[in-house]
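Undergrad: below are the sequence and a predicted model for it; my questions follow.
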Amino acid sequence: GDHGDLHLSIRRQRQMCIRDRLGVWHNRRVDHGQQDIVSSVVRTTVAPPATAVNGVSRWFGDKTRWITDGRASHDENVRLKARIAQLEEENARLKEADIKYSQLKDDLGFIKNSAVSKIPASIIGRSPDAKFDTLMLGRGSRDGVKPHNVVVTRQGVVGQITEVTPTTATVVLLTEQNGGIGARVQRPESRTFGICKGDSAGKLWMYHLPNDANIKVGDLVISSGMGEVYPAGLVIGTVAEVRSDDENVNKKARIVPKVNLSRVEEVYILP
C-alpha cells in the first residue's frame, strides 16, 4: 500500500511540474510577443466548430423569424382591416346624413315658398302589386291627415290619400290605373286639357286629347284644378310620346312623372 501511494504522489508531482513549466513557457512566449503553440492548436481545433454553431444559430434565427414576424403582421393586418371597415361604415353614415341634409334644405325652401302649409311624412311601406300602386305613410288622423289629401314632393305630384288610421295613411299614386287627375299642357301656345292616369303596366298617360291637340314631346304637364281633389298648378310630368288612342278617335300622350315614384322617401301632405 505504501508503495502504491508513493507512485501516485510521484505522478501528481510530475503533472504539477509539467503544468508549471507549460505555464512559465506560455508566459515567456507571450512576453516576447510570440504565439503560444498549444493555445493556437486549441483555438484552431475549437474555433471552427464554435463559429459553425454560431452561424447555424444565426441562420436558424433568420429562417424562423418569419414565424414571429408573420404573426405580428397578421395581427396588424387584422387590426387595419377592422379599422378600414369602421371608417367605411362611418363614411357611409356621413354620406347618408349629407344627402338627408341636402334634401331637407331644399324641402325647407319648398315649404317657405308655399302659401299652403304642408305636413311632412316618411314612407313606411310600399305595395308590392304593380297594378295597384300605393304607399304607406307614417302620419295619420291624429296629425290632421284626411282622405283625399294630396301628397307631393318639391318635384311634383305623388298621389292622394285614400285611407287613414290614427297613425298611418295610404297613398294611391298618380300612376294607378283606377285613379285620375285633371291635367293641362303648361306651354302657352297649347294649354291642352286631358286626364292623367296609369295603365296596367304602371305607366302614366294623358288621355282624351283631341286629334288636333297642340301637344309635343318635352311639354310640361301640370294639374288643371278641375275636380275636387288636386289644386291647379302642381307639376305632374313631361310628355315622352304622343300617339293615337286605341280607337283612333283621340290622341294620348305618355307622361314621365317628375317624381321618381320608385325612389321617393319623404313626402308632404296638403291638408
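TA: That came in fine, so what should we check first? Residues are numbered from 1 along each chain as shown.
Undergrad: and the lengthiest strand in the chain, which residues are buried?
TA: When the chain is parsed with DSSP state E, its longest strand is strand 235-244. Judged by neighbour count using 16 or more other C-beta atoms under 10 Å, the buried positions of strand 235-244 are Val235, Ile236, Gly237, Thr238, Val239, Val242. The C-beta positions use only the backbone N, C-alpha and C, and glycine is treated the same way.
Undergrad: next: stretch 194-205.
TA: So for stretch 194-205, counting by 16+ other C-beta under 10 Å, buried means Gly194, Ile195, Cys196, Lys197, Gly198, Gly202, Leu204, Trp205.
Undergrad: what pairs with the host helix or strand of the fourth one, parallel or antiparallel?
TA: Here Lys197, judged by DSSP states H and E, is contained in strand 193-198. When pairs are called by DSSP bridges, strand 193-198 turns out to pair with strand 181-185 (antiparallel), strand 204-209 (antiparallel).
Undergrad: what angle do the longest strand of the chain and strand 193-198 make?
TA: Going by axes from the mean of the first three to the mean of the last three C-alpha atoms, to 10 degrees, strand 235-244 is angled at 100 degrees with respect to strand 193-198.
Undergrad: what's strand 235-244 in contact with?
TA: 155-157, 174, 181, 183, 185, 196, 204, 206, 211, 215-223, 250-258 (C-beta atoms under 8 Å, 6 or more residues apart in numbering).
Undergrad: just for the stretch 51-200 of the chain, where's the confidence low?
TA: Where the stretch 51-200 of the chain drops to pLDDT under 70, the residues are 51-70, 89, 92-93, 95-97, 99-116, 128-132.
Undergrad: now with 80?
TA: 51-75, 78-79, 81-83, 85-86, 88-116, 127-133 (pLDDT under 80).
Undergrad: just the strands in it please.
TA: 119-126, 134-137, 150-152, 157-164, 169-173, 181-185, 193-198 (DSSP state E, counting those that start in this stretch).
Undergrad: those: which one's closest to Val229?
TA: strand 157-164 (5.6 Å; C-beta to C-beta).
Undergrad: determine the set of other helices and strands touching the closest one.
TA: strand 134-137, strand 150-152, strand 169-173 (3 or more C-beta pairs under 8 Å, 6 or more residues apart in numbering; DSSP states H and E).
Undergrad: export these to TSV and tack on distance to Arg79?
TA: What follows is these, written out as TSV (distance: least, C-beta to C-beta, whole Å):
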stretch	distance to Arg79
strand 134-137	44
strand 150-152	49
strand 169-173	49
